[in-house]
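Engineer: fold the following for me, if possible:
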Amino acid sequence: MSELDDGIVTARFHNEFLRTGERVTETARFAFRQTDNLGQQLAAAGFDVDAVYGDWARTSFTPDASFMVFIAHAR
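Structural biologist: Down below sits the predicted model:
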């Protein structure tokens, strides 16, 4: 894994399928944003944020939450 800049992380996954012996390598880029930044980006894209939760069970969001689940609607 390497962090490129501004919260963008590149991860490389190596998989070997035992039954076939096939090996597959995949690369994925993940963007990690701050809550305020993501809210601003949604607003700029034409959405209003209704709520932000800390998990899929709609637990209140806190800064140390593992997830940010945004509930938003288009204007």
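
Engineer: now do the strands in this structure.
Structural biologist: Counting by DSSP state E, the chain has strands at residues 2-5, 8-16, 23-31, 47-53, 69-74.

Engineer: next, the angle strand 47-53 makes with the last one.
Structural biologist: Relative orientation of strand 69-74 and strand 47-53, computed by axes from the mean of the first three to the mean of the last three Cα atoms, to 10 degrees: 160 degrees.

Engineer: low-confidence ranges, this structure, go.
Structural biologist: Counting by pLDDT under 70, the chain shows low-confidence ranges at 1-5.

Engineer: number of nearby residues for Tyr53?
Structural biologist: When neighbours are counted by other Cβ atoms under 10 Å, Tyr53 registers 16. All C-beta atoms are positioned from the backbone trio N, CA, C, and that covers glycine.

Engineer: how far away is it from Phe32?
Structural biologist: According to Cβ to Cβ, to the nearest Å, Tyr53 stands 17 Å off from Phe32.

Engineer: what's the answer for Leu42, then?
Structural biologist: 16 Å.

Engineer: mind checking which of the two has more residues around it?
Structural biologist: Shown here are Leu42 and Phe32; by other Cβ under 10 Å, Leu42 has more neighbours (15 against 12).

Engineer: report the contact partners of the closest residue to that one other than its chain neighbours.
Structural biologist: Once flanking residues are discounted, Leu42 sits nearest to Ala72: 5.4 Å by Cβ to Cβ, 6 or more residues apart in numbering. Counting by Cβ atoms under 8 Å, 6 or more residues apart in numbering, Ala72 touches Leu42, Phe47, Asp48, Val49, Asp50.

Engineer: for those, which one is nearest Phe61?
Structural biologist: Of all the contacts of Ala72, Val49 has the smallest distance to Phe61: 11.1 Å, by Cβ to Cβ.
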